[in-house]
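Novice: Task: produce atomic coordinates for the following.
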Amino acid sequence: MFFGMSKLKPNRSFIFSKLLTITLYMDIGVQIKKLRKHNKITRAVLAEELGISAQQLYKYETNRNKTPLHTLVTIALYFDVSLDYFVEKNPIIEQHQRMNLQEQELLSIFSDISPQKQKLLLNIARQFTT
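Specialist: Below you'll find the model as predicted:
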């Protein structure tokens, strides 16, 4: 196995964790920007407080770069929020938590089949909703 993947097919938990990681980082940038704007602080001021350039902060806020944990901790301390603030109300996490075991199994099976079979299965499923 190489990084959670077998030779034949990807490990489902590995794929979900990567999707979750990407989504979390996207939300973190958005949350940093919301927090900064809500507190009426310019990017330059916050960047100076963090010891980084305004350009680097822009990259974090727009998700062009991942925000390092130590920077996130500093931002949380600066604005007096918990680290949970940056990942609360994440739609991917909430959706996964709301899924029952049957829905999780269906999603897992769906991710294992070919794109052509996925399209076919979606067309069949859509017929049941109309």
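Novice: Could you use CA atoms for every contact and neighbour count after this?
Specialist: OK.
Novice: ok, now which ones touch the closest residue to G29 other than its chain neighbours?
Specialist: Nearest non-adjacent residue to G29, counting by CA to CA, 6 or more residues apart in numbering: E61, 3.9 Å away. Counting by CA atoms under 8 Å, 6 or more residues apart in numbering, E61 touches I28, G29, V30, Q31, I32, K33.
Novice: Dump the residues you listed into CSV; add secondary structure and distance to S108 as well.
Specialist: CSV is the format used below for the contacts of E61 (DSSP: H, G, I helix; E, B strand; the rest coil; distance: CA to CA, whole Å):
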residue, secondary structure, distance to S108
I28, helix, 27
G29, helix, 29
V30, helix, 29
Q31, helix, 30
I32, helix, 32
K33, helix, 34
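Novice: Going by distance to T74, which of those residues wins?
Specialist: When these are compared for distance to T74, the smallest value, 11.4 Å, is given by I32; criterion: CA to CA.
Novice: and that closest one, how many residues sit next to it?
Specialist: The burial metric for I32, expressed as a neighbour count using other CA atoms under 10 Å, is 23.
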